[in-house]
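A.B. asks: What would the 3D arrangement of this be:
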Amino acid sequence: MNPEKDFAPLTPNIVRALNDKLYEKRKVAALEIEKLVREFVAQNNTVQIKHVIQTLSQEFALSQHPHSRKGGLIGLAACSIALGKDSGLYLKELIEPVLTCFNDADSRLRYYACEALYNIVKVARGAVLPHFNVLFDGLSKAGPAGCSRLSQGLG
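C.D. replies: Residues are numbered from 1 along each chain as shown. Here you go, the predicted structure:
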């Protein structure tokens with residue numbers, strides 16, 4: 001992660017917290033992302049919403065650093081929560097990096113990916129049906145831990 005890189009509209013504090021090894025700090029960053037995205041939704045600023053999702057996906061969720069990946073996952077879930085019913089418009093961008101993390105060697109990271117997918121699906125509801133095949137495939141690869149976590153909210 002390049003500290004000189006500009007992650008705007010994410011503030012340097014959010015970026016620092018997303019990369020932190022402590023879950024509590026990543027959670028605080030996710031709450032800040034949620035506020036930020038809610039503001040963009042209120043302003044109908046789709047360009048900034050897409051930019052936040054793209055940054056969280058490319059620079060965090062698909063990063064080489066495990067804490068950054070965890071931060072990206074919680075950040076994507078926060079975006080979905082902030083988007084609410086509009087999350088269906090961004091589902092492909094929200095889901096793809098999460099599904100990629102299902103293949104991670106770290107079982108904790110796979111758990112965070114399941115948690116993120118649960119929160120995304122919980123908000124998007126029926127809008128996820130067009131993505132059912134890739135979700136099912138991803139969950140079958142995630143193993144029993146992933147399936148049991150999501151089945152709690154879908155059953």
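A.B. asks: Going by residue numbers, what spans are helices in this structure?
C.D. replies: With DSSP state H as the criterion, the chain has helices at 12-18, 23-42, 46-55, 66-83, 91-101, 107-124, 132-142, 144-154.
A.B. asks: Mean neighbour count, those: which tops it?
C.D. replies: helix 66-83 (a mean of 25; mean count of other Cβ atoms under 10 Å). In short, each C-beta sits where N, CA and C put it, glycine included.
A.B. asks: can you tell me which residues contact the most centrally placed residue in the chain?
C.D. replies: Centroid check for the chain by Cα atoms, centre = their mean gives residue 76 as the closest residue, at 2.2 Å. Counting by Cβ atoms under 8 Å, 6 or more residues apart in numbering, residue 76 makes contact with 53, 56, 57, 61, 94, 97, 98, 116, 120.
A.B. asks: okay, the helices of the chain in a markdown table with mean pLDDT and distance to residue 6 next?
C.D. replies: Listed next are the helices of the chain as a markdown table, based on pLDDT from 0 to 100; distance: least, Cβ to Cβ, whole Å:
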| stretch | mean pLDDT | distance to residue 6 |
| --- | --- | --- |
| helix 12-18 | 96 | 9 |
| helix 23-42 | 97 | 15 |
| helix 46-55 | 96 | 10 |
| helix 66-83 | 97 | 16 |
| helix 91-101 | 95 | 20 |
| helix 107-124 | 93 | 25 |
| helix 132-142 | 81 | 32 |
| helix 144-154 | 52 | 34 |
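A.B. asks: Please determine how far the residue nearest to the centre of the chain is located from residue 136.
C.D. replies: For residue 76, the distance to residue 136 (Cβ to Cβ, to the nearest Å) stands at 20 Å.
A.B. asks: quick one on the thing from earlier: rebuild the helices of the chain as JSON lines, extending it with distance to residue 5.
C.D. replies: What follows is those, written out as JSON lines (distance: least, Cβ to Cβ, whole Å):
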{"stretch": "helix 12-18", "distance to residue 5": "9"}
{"stretch": "helix 23-42", "distance to residue 5": "16"}
{"stretch": "helix 46-55", "distance to residue 5": "10"}
{"stretch": "helix 66-83", "distance to residue 5": "12"}
{"stretch": "helix 91-101", "distance to residue 5": "18"}
{"stretch": "helix 107-124", "distance to residue 5": "22"}
{"stretch": "helix 132-142", "distance to residue 5": "29"}
{"stretch": "helix 144-154", "distance to residue 5": "31"}
